[in-house]
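Visitor: here's my sequence, what's the structure:
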Amino acid sequence: MTTTTLAVLVPLLPLLGSAAGLLLGRTAPGFVRPLAVLPTLTSLVLAALLAARQGGDQAVDAATELAPTGSVPVELALHIDGFAALVAVLVGLVASCVQIYSTGYLRDDPRYPSYAALVSLFTSAMLLVVYSGDLIVLLVGWEVMGICSYFLVGHYWETPEARAASLKAFLVTKLGDVPFLIGLFALATDAGSFRISRVLAAVASGSLEHPTVIALLLLAGVAGKSAQFPLHTWLPDAMAGPTPVSALIHAATMVAAGVYFIARLLPVFEASQAAMVVLAFMAAVTMAGSGLAALAQDDIKRVLAYSTIGQLGYMTGALAVGDRGAAVFHLLSHGAFKALLFLAAGVIIHAAGTNSLAAMSRMGKLRDRVPDAYWTMTVALLALAAIPPFSGFFSKEAVLGAAEHVIGGHTDHAPTVAGWIVLVSGLVTALLTAAYAMRLWLLAFRGRGTEAPDHGRQPLTMTVVLWVLAIPSLALGGFFFRVLPDWFDGRDLGPTLTTSVLGTGVALVGGILTYGAWRHTTALAARFPLGAVAAHPEGDAGLVEAEAIASHRPAYGDIAYAPDPADPGRLLLGPLHRHAAAGFHLDAVYSALFVRPVQAAASLVRFLDREVVETYVRGAGALPRWLGAAVRRAQTGNVQTYVSALLAGTVVLAVAAVLVATGA
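Guide: Next up, the predicted model:
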């Protein structure tokens, strides 16, 4: 089988599995699970085989004209280099794990066939983005992911939270996609082609006439898709969807697409120093703000959502200092441990008998009940906190090392100020990341919440997936930082002494401070016992989650809880806690700046339509109606009346004629 054929089959198989799953979902439900798992798993195997063949050597290019346009052609093109080959393997791995996990997590969900089909379509769209060598074809996958996220986030559409979250995710990402589309057309106009290889050749020859404008337009779409400031507000609310969907969106699709897009077109952004500074500033605000917000959340999935936003900030920070190897390295390691974190959170949600909404303060005594989730999530949290030798340490140090490299003047791909912005914000975020990772671990596994009824052991398909993902979370970084330079741009991705000491030091400080705050608050909170809870009927994790969202209460009872005084985040953040918990009120700001003015304008238009335009329309219809009514009164049906009127009219005409003649 040729390399091109393999590359075509990788995104095609999940697409075919999605179509078959939708067609057979009602008529042959027994085929739904195999059609969900097998095509995605086969796609993973083919992607791994393709990566082995590519081996970091010369990129694989193939193209055929898709649609003649009369000017800039659109081509069905493939461009597979080391970046694309490895990212495709990550997408296939996470998607396969999510599909396998979902067979247990949503085993009793009546809408599982459509859910599985959408996950397969989501996977196919992301693989299309990864392998595409043409910007228009890439845009197709980009937009298909957007509509899939709308349906998957709104899977529990009976609940207002899920409906609002899906609509918000769609609208906010579309807000970024409008300038993104304009930027793509402007880029193709300057370069004379939508082919990525030709665009990069045009950049190298200095043919771009408006690099800053193009880069900023493209950044708007990236900010929306990859949940970067200021278009990040949709991602925490998207936690209203099923937990496996969160794992897929956060680890390998959707939010990873924006980072991958910049990595693919990094020379376009490097052509504008202003764009690189804007990218660095966007990354810095995203990292620090999301770290503070994560430290204040009580919802376990919202903590992980803000964590994803911050880790994506690290990736965009690496791109801002011109090192796409470090960015994609962190993308790969983050994909493994973030998928593990979300899927382990799903196991915890099931075991605790509560949805993630305001759940951590109610969790307790879960370590012995879910040992698989406990040990694997501990590994993932250590990787997230960048503690050596876990994978997150090596990839995060690659980012900080790239920033230090720019500060030292060893590269001219990015301005020095961008290096300082990324390095300082990266170190601050490392402290915050370790703090909220420690807080999550303490509240989830050593919390003082009342023990919920035991729902029994989780399905084997859920727990096995956790251990599969724990392997790359533990070993990926130490192995890949030596191998990846040959696949990427040849730049050294190994940790440097300065950033390793600083990064690990601040991470340890963050963890120790959080543990000390937890010990202090736990001692104080011992005087405030939590109430008892009622039993919740046994059910699968997906239904427990849906019922909890629908009822606005813990799935195991209707006891109203005050905030847990043993939460160390409150002590660490102090008066900032309330604002951080609300995401620094960005939704309120957007509501005041955009939503309310649009609603006011809509109200004005409705008033003008009803009271002004319709008044003229009603008037135009009333006049003929009145004339008709007047004429109708003359139609009595009496012949004598008609003859009398005729004679009277004749007399009037005769008199008028005489008067006219006399006057003449």
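Visitor: residues near residue 70, how many?
Guide: Using other CB atoms under 10 Å, the number of residues around residue 70 comes to 5. For glycine as for every other residue, the C-beta is placed from the backbone atoms N, C-alpha and C.
Visitor: actually residue 107, not the one I wrote
Guide: Neighbours of residue 107 using other CB under 10 Å come to 16.
Visitor: spatially central residue in this structure, please.
Guide: residue 255 (4.7 Å; CA atoms, centre = their mean).
Visitor: may I ask which helix or strand of the chain has the lowest mean pLDDT?
Guide: In the chain, no helix or strand scores lower on mean pLDDT, DSSP states H and E than helix 541-551, which sits at a mean of 52.
Visitor: picking up where we left off before, in space, what's closest to the residue nearest to the centre of the chain - neighbours in sequence excluded?
Guide: For residue 255, ignoring the flanking residues on the chain, the nearest one in space by CB to CB, 6 or more residues apart in numbering is residue 226 at 4.9 Å.
Visitor: wait, the one you found sits on residue 253?
Guide: No - the pair residue 226 / residue 253 is not scored as a contact, 11.2 Å apart, by CB atoms under 8 Å.
Visitor: which stretches of this structure have low pLDDT?
Guide: The chain contains residues with pLDDT under 70 at 352-359, 364-365, 448-457, 476-481, 525-566, 664.
Visitor: show me the strands in it, by range?
Guide: Counting by DSSP state E, the chain has these strands, from start to end: 60-67, 74-80.
Visitor: save those strands as CSV, and put in distance to residue 458 and mean neighbour count too.
Guide: What follows is these, written out as CSV (distance: least, CB to CB, whole Å; neighbours: other CB atoms under 10 Å):
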stretch, distance to residue 458, mean neighbour count
strand 60-67, 41, 14
strand 74-80, 38, 21
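Visitor: so which of these is nearest residue 429?
Guide: When the strands of the chain are compared by CB to CB, strand 74-80 sits nearest residue 429, at 32.5 Å.
Visitor: now the closest one and strand 60-67, what's the angle there?
Guide: Our comparison of strand 74-80 with strand 60-67, counting by axes from the mean of the first three to the mean of the last three CA atoms, to 10 degrees, yields an angle of 170 degrees.
Visitor: can you give me how far strand 74-80 is from the chain middle?
Guide: Here the centre of strand 74-80 is set off from its chain's centre by 25 Å, with CA atoms, centre = their mean, to the nearest Å.
Visitor: same check on stretch 502-517?
Guide: For stretch 502-517, the distance from its own C-alpha centre to the chain's C-alpha centre is 29 Å (CA atoms, centre = their mean).
Visitor: again with stretch 610-630
Guide: Centroid separation for stretch 610-630 versus its chain: 52 Å, with CA atoms, centre = their mean.
Visitor: repeat for stretch 363-374
Guide: Relative to the centre of its chain, stretch 363-374 is centred 28 Å away, using CA atoms, centre = their mean.
Visitor: tabulate the CA atom coordinates of it in CSV.
Guide: Taking only C-alpha atoms (Å, rounded to 0.1, in the frame of the first residue of the first chain), the coordinates of stretch 363-374 have been written out as CSV:
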residue,chain,number,x,y,z
MET,A,363,-15.8,14.2,47.5
GLY,A,364,-14.2,12.1,50.1
LYS,A,365,-12.8,8.6,50.7
LEU,A,366,-12.4,7.8,47.0
ARG,A,367,-8.8,6.5,47.0
ASP,A,368,-9.7,3.0,48.0
ARG,A,369,-12.8,2.9,45.9
VAL,A,370,-11.2,3.8,42.6
PRO,A,371,-7.6,2.8,42.9
ASP,A,372,-7.1,2.8,39.1
ALA,A,373,-8.3,6.4,38.8
TYR,A,374,-6.3,7.3,41.9
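Visitor: who are the contact partners of residue 645?
Guide: Shown in contact with residue 645 (CB atoms under 8 Å, 6 or more residues apart in numbering): residue 634.
Visitor: any idea how far residue 625 is from the closest residue to residue 242 other than its chain neighbours?
Guide: Closest residue to residue 242 in three dimensions, ignoring its sequence neighbours and counting by CB to CB, 6+ apart: residue 155, at 5.5 Å. Distance from residue 155 to residue 625, counting by CB to CB, to the nearest Å: 53 Å.
Visitor: and for residue 215?
Guide: Between residue 215 and residue 625 the computed distance is 62 Å (CB to CB).
Visitor: swap in residue 196?
Guide: Here the criterion is CB to CB. By it, residue 196 lies 65 Å from residue 625.
Visitor: more neighbours, the two?
Guide: Set side by side, residue 196 and residue 625 give different neighbour counts by other CB under 10 Å, the larger being at residue 196 (21 against 9).
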